[in-house]
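Colleague: Build me a structure from this.
(4 chains)
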There are 2 protein chains.
Amino acid sequence: MAEKVTIADVARLAGVSRQTVSNALNNPDVVREETRQRVYRAVEQLGYRVNQAARQMRTGRSRLIAIRIEPDRDGINGSVLDRFLHGLTESAAQAGYRVLLYTADDDQAEIDTFEDLLGAYEPDAFVLTSTHHGDLRTAWLQERRVPFVTFGRPWSSDSPKHLWVDVDGAAGTAAATRHLLDAGHRVIGFLGWPPGSGVGDDRREGWARTLTAAGVDPAGLSRATSDEVADGEKAAYDLLRSDLGVTALVCASDSLALGALHAARSPALAWRPGRRGSGGGMERPVAVIGFDDTPVAKAVGLTSLSQPLAQAAAQCVALLTTLLDGHTGSGEPPANVLLEPTLVIRQSA
Amino acid sequence: MAEKVTIADVARLAGVSRQTVSNALNNPDVVREETRQRVYRAVEQLGYRVNQAARQMRTGRSRLIAIRIEPDRDGINGSVLDRFLHGLTESAAQAGYRVLLYTADDDQAEIDTFEDLLGAYEPDAFVLTSTHHGDLRTAWLQERRVPFVTFGRPWSSDSPKHLWVDVDGAAGTAAATRHLLDAGHRVIGFLGWPPGSGVGDDRREGWARTLTAAGVDPAGLSRATSDEVADGEKAAYDLLRSDLGVTALVCASDSLALGALHAARSPALAWRPGRRGSGGGMERPVAVIGFDDTPVAKAVGLTSLSQPLAQAAAQCVALLTTLLDGHTGSGEPPANVLLEPTLVIRQSA
DNA sequence: CGGATTATTTTGATCGATCTAATCATGCCT
DNA sequence: AGGCATGATTAGATCGATCAAAATAATCCG
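Modeller: Below is the predicted model of the structure:
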């Protein structure tokens, strides 16, 4: 390993005491200008870097942010959290923090890990993802006054208040629906998940709201299923072969959208009349829009909603730093952040 | 935050000295059985957990493993490293280590980060990914005797010896080629990257070797391009419309394979005779096999080679722990590990 | 039984930083 | 000139663990 340079080495070279070095670095305005320069030069010359472990002992701050890395469940949507993770690592580094990973299979296991980590590495904060109804984690952390932010809103109404950053799913599906309306579609279906998941309900709501505003009744135009390509295909097929005249689909995920694309290409639907009843034979393929703009979407030319993940991560770090390095007193308390996804238009719609 | 439990608290409750508690935990065979039990009970009762920062100060070990998280370059193949990362986090946790993330845009930036991290957090080891020709990182780490493993072989012949874990790409493409031969294909093409990338050359070699062994000359049956779907499509199209009678393609990545699938579906090729010159009109579609078994492959039904990433990660941790917690003396020195990918068969071949 | 061995436990110092409080300089004002 | 507030720097203690070495207890054996 490299030679260790301690604060004492710097002090010796600069001809001052350890404490002055510490002050020059952490509390510059308490040190005389000339001395500070001398210390800086010594630091530079020796390549000194503060030892986090030692600092942590005294200050109780580890400058670590912990986050759980999830197994890529179905695979397609897995990349979302990974992109978030990359953004988080980058933003954290800029703020002088590092990201510590852990895994856990469920809420309880995660709470056990909280305990482990807090006892051993003492991360300064946690970033929680995949918030859901009846989330046990937030209450646990709050009880112990452990700082944290969630990427995802608290979906339960009874869940305690805490900092969060999220992407406005409803705004996304609303934009998608508007895009389809602008392109001349009227009867636009929705493919989502069973009610009860905060994220899913939110995304459905944006579609329903927009459709209603355009004078189309969304009733009956929506199907719910699990987040699998095959299930999405079945549900889409079911919706398309009905007599409702659905010409476009907004989906809660790229997985479902991919299924919808398969269904739309199904030869069994070829005889269906295009939505423009007028023109002869001039049929447009069913338009499909996904959610998350995953690599799969890019690969198959699926129009999809892209979440500003790097930005969301940066906001998480921003909230945490104001909470941790709290410029207490001045300034308003940190507010929650709701970002808008953007529609990435490709061939499918 | 939670109340802090220190080793002194445990000692008090167990009625022994701090050092005895430490011994009971780290050096159990030096403590009397009865005392050990008493200490364990106290630990349990108080929920004591060793403070890593304090331990690190004395021992110089942080029980942290650092790894770089890369931006998802093209997107499709990005998930590979993420899956590896998940496996690494899990295996590391089992071995009593945690994973620390960092980012860096190139070798030099990464080396700067090494310096930063080693000075501040003192990770016990690094895991390097994406090894390449002329890799600056390994030499740097070795000079400073920083323990590390690479996921990926050292491709330069002059690069110094170090621990590595890798997946045998050649064995993978060989298996894919054999699979196609078994299915009756003879003229099997290869879609890869320009020579010079270790990984790419390795994968091409497995295909060429197997084809040659089957009595087919691979010359002219291979195309090289950048790792983009569109480029793969062009290259595949070029190969398929030639007079060579190519009926199947082995690809160096799922991106290329996806391009190949698009090309194979191209109507412009429809008139091409199937490889079974005998049967009338009975044409089989061009078979395509990808590499990495990414979500995209699953989504579009692409047969692909799956890397045992969790296993690779586990091996990395295994190598590191024998290196770090070195059961020195006994046992042979840790050896490098070469794992075999498995062929996941779907509709495309 | 008594000294030598071995087993078990304890005391004191230490890792590298920061906190607290004390010391030493300096400038200002009457 | 003396007193005092303010500025700049330093000495000593401390965070929680482990290392080294000393102290104490248990065991052995002629």
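
Colleague: use CA for all of it now, contacts and neighbours both
Modeller: Noted.

Colleague: and the host helix or strand of A:Q45, average pLDDT?
Modeller: Following DSSP states H and E, one finds A:Q45 within helix A:33-46. For helix A:33-46, mean pLDDT rounds to 96.

Colleague: ok, and what's touching that helix?
Modeller: A:V5, A:V10, A:A11, A:L13, A:A14, A:V21, A:A24, A:P28, A:R49 (CA atoms under 8 Å, 6 or more residues apart in numbering or on different chains).

Colleague: make it 6 Å
Modeller: The contact list for helix A:33-46 (CA atoms under 6 Å, 6 or more residues apart in numbering or on different chains) reads A:V10, A:A14, A:A24.

Colleague: what number of residues lie near the second one?
Modeller: What it means is A:A14. By other CA atoms under 10 Å in any protein chain shown, the residues close to A:A14 number 21.

Colleague: what do you get for the first one?
Modeller: Summarising burial for A:V10: neighbours were counted as other CA under 10 Å, giving 26.

Colleague: Could you tell me the angle between the helix or strand it falls within and helix A:33-46?
Modeller: Using DSSP H and E, A:V10 sits within helix A:7-14. If you take axes from the mean of the first three to the mean of the last three CA atoms, to 10 degrees, helix A:7-14 sits at 120 degrees to helix A:33-46.

Colleague: mind saving the C-alpha coords of helix A:7-14 as CSV?
Modeller: Coordinates of each C-alpha in helix A:7-14 appear next as CSV, following Å, rounded to 0.1, in the frame of the first residue of the first chain:
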residue,chain,number,x,y,z
ILE,A,7,-2.0,15.3,9.8
ALA,A,8,1.1,15.2,12.0
ASP,A,9,3.3,14.9,8.9
VAL,A,10,1.7,18.0,7.4
ALA,A,11,2.0,19.9,10.6
ARG,A,12,5.7,19.1,10.9
LEU,A,13,6.4,20.2,7.3
ALA,A,14,4.3,23.4,7.7
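
Colleague: how near is A:L163 to B:T59?
Modeller: Using CA to CA, to the nearest Å, one gets 37 Å for the distance from A:L163 to B:T59.

Colleague: between the two, who's got more neighbours?
Modeller: A:L163 (20 against 10).

Colleague: list the contacts for the nearest residue to the more buried one once chain neighbours are set aside?
Modeller: Setting aside the residues directly before and after it, A:L163 is nearest to A:V149 in space (CA to CA, 6 or more residues apart in numbering or on different chains), at 5.1 Å. Applying CA under 6 Å, 6+ apart, we find A:V149 in contact with A:V127, A:L163, A:W164.

Colleague: between those, which is closest to DNA strand C?
Modeller: The shortest gap between DNA strand C and any of these belongs to A:V127, at 24.9 Å (CA to the nearest atom of the strand).

Colleague: about what we covered before: among the contacts of A:V149, which are in helices?
Modeller: Among those, none falls in helices (DSSP state H).

Colleague: on that earlier part again, which is the succeeding secondary structure element to the helix holding A:Q45?
Modeller: Next in sequence after helix A:33-46, counting helices and strands by DSSP H and E, comes helix A:52-59.

Colleague: does that following helix come close to DNA strand C?
Modeller: Yes: judged by CA under 7 Å from any atom of the strand, helix A:52-59 and DNA strand C are in contact via A:Q52, A:A54, A:R55, A:M57, A:R58, A:T59.

Colleague: Pull out the buried residues from those residues.
Modeller: Buried by 16 or more other CA atoms under 10 Å in any protein chain shown: A:Q52, A:A54, out of the residues of helix A:52-59 next to DNA strand C.

Colleague: same for DNA strand D: which of the residues of helix A:52-59 next to DNA strand C are within range?
Modeller: Checking the residues of helix A:52-59 next to DNA strand C against DNA strand D (CA under 7 Å from any atom of the strand), the matches are A:A54, A:M57, A:R58.

Colleague: circling back: export the contacts of helix A:33-46 to JSON lines and append columns for distance to DNA strand D.
Modeller: As requested, the contacts of helix A:33-46 are exported to JSON lines (distance: CA to the nearest atom of the strand, whole Å):
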{"residue": "A:V10", "distance to DNA strand D": "11"}
{"residue": "A:A14", "distance to DNA strand D": "9"}
{"residue": "A:A24", "distance to DNA strand D": "8"}
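
Colleague: Chain B: which of the residues you listed is nearest?
Modeller: Among the contacts of helix A:33-46, A:V10 lies closest to chain B (CA to the nearest CA), at 14.0 Å.
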